[in-house]
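Visitor: pasted the sequence and its predicted model underneath.
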Amino acid sequence: QVRLLESGGGLVQAGGSLRLSCATPGRTFSSYAMGWFRQAPGKEREFVAAIRWSGGPTYYADSVKGRFTISRDNEKNTVTLQMNSLNPEDTAVYYCAAAPVSGTYYYIGRGYDYWGQGTQVTVSS
């Protein structure tokens with residue numbers, strides 16, 4: 001059974017920071033990319049960031065470039081999303097997901113077939 005477990009969400013004031021983590025217990029995704037997505041109330045889910053377990057470039061939505069950083073720890077099987085300079089528009093449920101690198105457009109948010117349960121991030125003004 002594939003599990004992706006997000007943690008680190010919460011309530012923060014505008015301008016603050018949060019750090020989200022995604023653990024993949026019992027499973028390595030060496031040929032996969034990991035992504036973060038978010039869905040705000042009444043809106044469609046949107047791509048936030050992506051990274052490959054094997055290394056290489058990282059990818060971000062324009063709305064978070066320069067503020068969010070995605071990273072991975074291969075030894076701990078964990079992917080992290082560091083979110084700085086948060087604003088109320090970042091309020092959403094954030095999801096971790098996995099996509100095979102080969103044959104997908106993972107870097108623009110397509111091809112993800114494993115998903116976590118989500119973690120709420122709320123930014124107050």
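Guide: The structure has been received and is ready for your questions. Just so it is clear, the structure is predicted and the values come from calculations on it, not from any experiment.

Visitor: please count neighbours and contacts with C-alpha atoms only from this point.
Guide: Fine.

Visitor: pLDDT score for the residue nearest in space to the middle of the chain?
Guide: By C-alpha atoms, centre = their mean, the chain has its centre lying nearest to residue 36, at 2.1 Å. Looking at residue 36, its pLDDT is 98.

Visitor: who's residue 5 bridged to?
Guide: Listed beta-bridge partners, residue 5: residue 23 (assigned using DSSP bridges).

Visitor: that one: neighbouring residues, count only.
Guide: 19 (other C-alpha atoms under 10 Å).

Visitor: quick one: contacts for it?
Guide: Shown in contact with residue 5 (C-alpha atoms under 8 Å, 6 or more residues apart in numbering): 21, 22, 23, 24, 96, 116, 117, 118.

Visitor: ditto for residue 81
Guide: 19, 20, 21, 36, 68, 69, 70, 71.

Visitor: end-to-end on stretch 7-24?
Guide: 12 Å (C-alpha to C-alpha, to the nearest Å).

Visitor: could you pull up the mean pLDDT of that stretch?
Guide: If you average the pLDDT over stretch 7-24, you get 96.

Visitor: if the residue nearest to the centre of the chain is in a bridge, with which residues?
Guide: residue 49, residue 96.

Visitor: verify the stated contact: it with residue 96.
Guide: Yes - when contacts are counted by C-alpha atoms under 8 Å, residue 36 is listed as touching residue 96 (4.7 Å).

Visitor: thinking again about what came up before, want to throw the contacts of residue 5 into a markdown table with neighbour count and distance to residue 5?
Guide: As requested, these are exported to a markdown table (neighbours: other C-alpha atoms under 10 Å; distance: C-alpha to C-alpha, whole Å):
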| residue | neighbour count | distance to residue 5 |
| --- | --- | --- |
| 21 | 22 | 8 |
| 22 | 25 | 5 |
| 23 | 19 | 5 |
| 24 | 19 | 7 |
| 96 | 31 | 8 |
| 116 | 19 | 6 |
| 117 | 14 | 7 |
| 118 | 22 | 8 |
